[in-house]
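Enquirer: structural data only, the sequence is not supplied:
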């Protein structure tokens, strides 16, 4: 009687293993149970985009307070960057066409150009 139960258990375990590796047909595609992040793909991120990001909570996820600290700092730095860029663009606009960009003076790609003997 014990042999019958052992054989039945071996058959059940074998069927489960074959199902798990896909040998008895394919498993259906998985579907995400989380909402996608609402970040724009068609433009550069702004601090409002960073402020509006919300992450789903998982059993082994990140600590929410640490994520909030990083996102707050990132949002502030993006806002400062955008303000600085706008300030510099305004300075260039007010200066007019008299400002020209000097060519780069990096000659490292030319190699050693010493005197020839």
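Expert: Done, it's in. Please read all numbers here as calculations on a predicted model, not as lab measurements. Numbers count the residues shown, from 1 in each chain.

Enquirer: worst mean pLDDT across the helices and strands of the protein, which element?
Expert: Lowest by mean pLDDT, DSSP states H and E among the helices and strands of the chain is helix 47-52, with a mean of 80.

Enquirer: buried residues in that helix?
Expert: 47, 49, 50 (16 or more other CB atoms under 10 Å). From N, CA and C alone the C-beta is placed, and that goes for glycine too.

Enquirer: what sits against residue 47?
Expert: 75, 76, 78, 79, 82 (CB atoms under 8 Å, 6 or more residues apart in numbering).

Enquirer: where does the protein have low pLDDT?
Expert: For the chain, the stretches flagged by pLDDT under 70 are 24-27, 32-36, 97-117.

Enquirer: so residue 31: helix, strand or coil?
Expert: Three-state assignment for residue 31 (DSSP: H, G, I helix; E, B strand; the rest coil): coil.

Enquirer: could you tell me how many residues sit around it?
Expert: Other residues near residue 31 number 5, with proximity taken as other CB atoms under 10 Å.
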